[in-house]
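Visitor: give me coordinates for this.
(2 chains)
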Amino acid sequence: GESVGLHLPTLSVQEGDNSIINCAYSNSASDYFIWYKQESGKGPQFIIDIRSNMDKRQGQRVTVLLNKTVKHLSLQIAATQPGDSAVYFCAESISNFGNEKLTFGTGTRLTIIP
Amino acid sequence: GAGVSQTPSNKVTEKGKYVELRCDPISGHTALYWYRQSLGQGPEFLIYFQGTGAADDSGLPNDRFFAVRPEGSVSTLKIQRTERGDSAVYLCASSSYAGDNEQFFGPGTRLTVL
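Guide: Predicted coordinates:
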């Protein structure tokens, strides 16, 4: 589950293994979802996105799965590397050809163990 | 090419003072967003500009917060009578046009109110 405040959910994965980060989103009207990676002292960096008319999308070493029935999003990272260590946020928005403001989840801290 | 830049990177001020935080979006991006990120949390939406106008300021916490974008490029977030609770990282993001969900984030300004 997710926690709030200073206690981010954490996940530790051995280098080379696959990781799965989960996210529950809040608004059933959201139709666009994004995963961001944030390293210490930096702004969020786009990883991969998915629209609500899809349930899976693949990128380089990453896959996003969307389950609209239970409002769940997951990010799979294959063959993890030390550089994958960061905090990962899911974000949701509603496309209205105007204001696509993002609502972010709490985040998960991923640590890759060499 | 150049990404979103924000200045200053760090700002320390005393309670009650006025501060201005600057955002330079990616050249040509018409949409600009401000978010605030408290420690251990995901970013929270503050305000959205499309061109020069603030199209959605529903995330501003109170009337001490104000933002402008007079020429449709650089934006300034202004905070009056700062309070200790305003301490956070203020993030700016831009996207290329209304309806383009992908937002590119700057590195943020870390504001500390003593």
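Visitor: going along the chain, name the strands of chain A.
Guide: Secondary structure of chain A (DSSP state E): strands at A:10-14, A:19-24, A:32-38, A:45-51, A:56-58, A:62-67, A:72-77, A:86-93, A:103-104, A:108-113.
Visitor: cool, chain B as well?
Guide: Using DSSP E, strands in chain B cover B:5-7, B:10-13, B:19-24, B:31-37, B:44-50, B:53-56, B:65-68, B:75-79, B:88-95, B:104-105, B:109-113.
Visitor: mean pLDDT lowest for which of these?
Guide: Ranked by mean pLDDT, the strands of chain B bottom out at strand B:53-56, with a mean of 88.
Visitor: quick one: closest of the strands of chain A to chain B.
Guide: strand A:103-104 (3.1 Å; Cβ to the nearest Cβ). The C-beta positions use only the backbone N, C-alpha and C, and glycine is treated the same way.
Visitor: show me what the closest one is packed up against.
Guide: strand A:86-93 (3 or more Cβ pairs under 8 Å, 6 or more residues apart in numbering or on different chains; DSSP states H and E).
Visitor: neighbours of residue A:53, how many?
Guide: By other Cβ atoms under 10 Å in any protein chain shown, the residues close to residue A:53 number 8.
Visitor: quick one, what contacts it?
Guide: For residue A:53, the contact set (Cβ atoms under 8 Å, 6 or more residues apart in numbering or on different chains) comprises residue A:31.
Visitor: pipe the strands of chain B into CSV and attach mean neighbour count per row.
Guide: Shown next, in CSV, are the strands of chain B (neighbours: other Cβ atoms under 10 Å in any protein chain shown):
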stretch, mean neighbour count
strand B:5-7, 17
strand B:10-13, 14
strand B:19-24, 19
strand B:31-37, 24
strand B:44-50, 21
strand B:53-56, 15
strand B:65-68, 17
strand B:75-79, 20
strand B:88-95, 24
strand B:104-105, 20
strand B:109-113, 18
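Visitor: could I get these as JSON lines with distance to residue A:69?
Guide: Converted to JSON lines, these look like this (distance: least, Cβ to Cβ, whole Å):
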{"stretch": "strand B:5-7", "distance to residue A:69": "39"}
{"stretch": "strand B:10-13", "distance to residue A:69": "44"}
{"stretch": "strand B:19-24", "distance to residue A:69": "38"}
{"stretch": "strand B:31-37", "distance to residue A:69": "29"}
{"stretch": "strand B:44-50", "distance to residue A:69": "26"}
{"stretch": "strand B:53-56", "distance to residue A:69": "30"}
{"stretch": "strand B:65-68", "distance to residue A:69": "38"}
{"stretch": "strand B:75-79", "distance to residue A:69": "39"}
{"stretch": "strand B:88-95", "distance to residue A:69": "29"}
{"stretch": "strand B:104-105", "distance to residue A:69": "31"}
{"stretch": "strand B:109-113", "distance to residue A:69": "40"}
